[in-house]
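Enquirer: Here is a sequence with its predicted model. Questions after.
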Amino acid sequence: MQKIREKHNKDPIVSDLYSLDQLKISLDDLLVECVTKIGYKENFAAVDFFNLIGILSTILAGIVLYLSLNFKWGTIKAYIAYCVIVYFIINAVSTIITYFQGGKIKFDGLEIITRIDKTPVYVVLIYKKGKIVPIKYSKSVFDLFYEDGTLDHNLFIDNIESLFKEE
């Protein structure tokens, strides 16, 4: 953890205090750094899947564009219909998966769900093998960030270290 502390001493994390999304992204990034340093390996399967969906969607849109610019409607309407149907199916599957699995940071043997409530409190829930670990972390972002938007990374790293010692 000392290397992470030194890294952020030189290059502090600064975020917009008025954007809960930006605060969450900043905290999630440091959380992933810490959990990786503790020894868990991040699992990118979900990210790879969503990237694949995006690539396939782009390819289908390109096919539709190419066909519509170079051929008459009567000869391509079946191909266009097929491309549009496949596009909607893969994106519907992506939406369903996001609904049930979205928001989780996955590691091998560990899942973490984070959120920032409107109060604003940053909450971390840890799941091991699909079951919640009875310890959760919650802290006001006003305690984690200085008035200029700089993250108190030492406090956050200490909190994460103690969180993983308790589990």
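Expert: Looks like it arrived, so ask away.
Enquirer: Give the residue farthest from the middle of this protein.
Expert: Going by Cα atoms, centre = their mean, the residue of the chain most distant from its centre is residue 74, 43.7 Å out.
Enquirer: Name the residues of the strand or helix carrying that residue that come out as buried.
Expert: Using DSSP states H and E, the element containing residue 74 is helix 73-101. Across helix 73-101, burial judged by 16 or more other Cβ atoms under 10 Å covers 76, 83, 87, 90, 94. In short, each C-beta sits where N, CA and C put it, glycine included.
Enquirer: before we move on, what about stretch 103-120?
Expert: Buried, per 16+ other Cβ under 10 Å, within stretch 103-120: 105, 106, 107, 110, 111, 112, 114, 116.
Enquirer: Reformat those residues as JSON lines; add pLDDT and distance to residue 47.
Expert: Listed next are the buried residues of stretch 103-120 as JSON lines, based on pLDDT from 0 to 100; distance: Cβ to Cβ, whole Å:
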{"residue": "105", "pLDDT": "90", "distance to residue 47": "10"}
{"residue": "106", "pLDDT": "90", "distance to residue 47": "9"}
{"residue": "107", "pLDDT": "91", "distance to residue 47": "13"}
{"residue": "110", "pLDDT": "89", "distance to residue 47": "16"}
{"residue": "111", "pLDDT": "90", "distance to residue 47": "14"}
{"residue": "112", "pLDDT": "91", "distance to residue 47": "14"}
{"residue": "114", "pLDDT": "91", "distance to residue 47": "16"}
{"residue": "116", "pLDDT": "90", "distance to residue 47": "21"}
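Enquirer: So which elements touch the helix holding residue 74?
Expert: helix 45-70 (3 or more Cβ pairs under 8 Å, 6 or more residues apart in numbering; DSSP states H and E).
Enquirer: just the angle between the helix it packs on and helix 73-101, please?
Expert: 170 degrees (axes from the mean of the first three to the mean of the last three Cα atoms, to 10 degrees).
Enquirer: and the least confident helix or strand in the chain by mean pLDDT, C-alpha only, in CSV?
Expert: Ranking every helix and strand in the chain by mean pLDDT, DSSP states H and E puts strand 131-140 at the bottom, with a mean of 86. C-alpha atoms of strand 131-140 as CSV (Å, rounded to 0.1, in the frame of the first residue of the first chain):
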residue,chain,number,x,y,z
LYS,A,131,-22.8,-14.2,0.0
ILE,A,132,-22.4,-10.7,1.6
VAL,A,133,-19.6,-10.3,4.1
PRO,A,134,-21.2,-9.0,7.2
ILE,A,135,-18.9,-6.0,7.2
LYS,A,136,-19.7,-2.9,5.1
TYR,A,137,-18.0,0.4,4.7
SER,A,138,-19.8,3.7,4.6
LYS,A,139,-18.3,7.1,4.9
SER,A,140,-19.4,10.6,4.1
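Enquirer: That'll do, ta.
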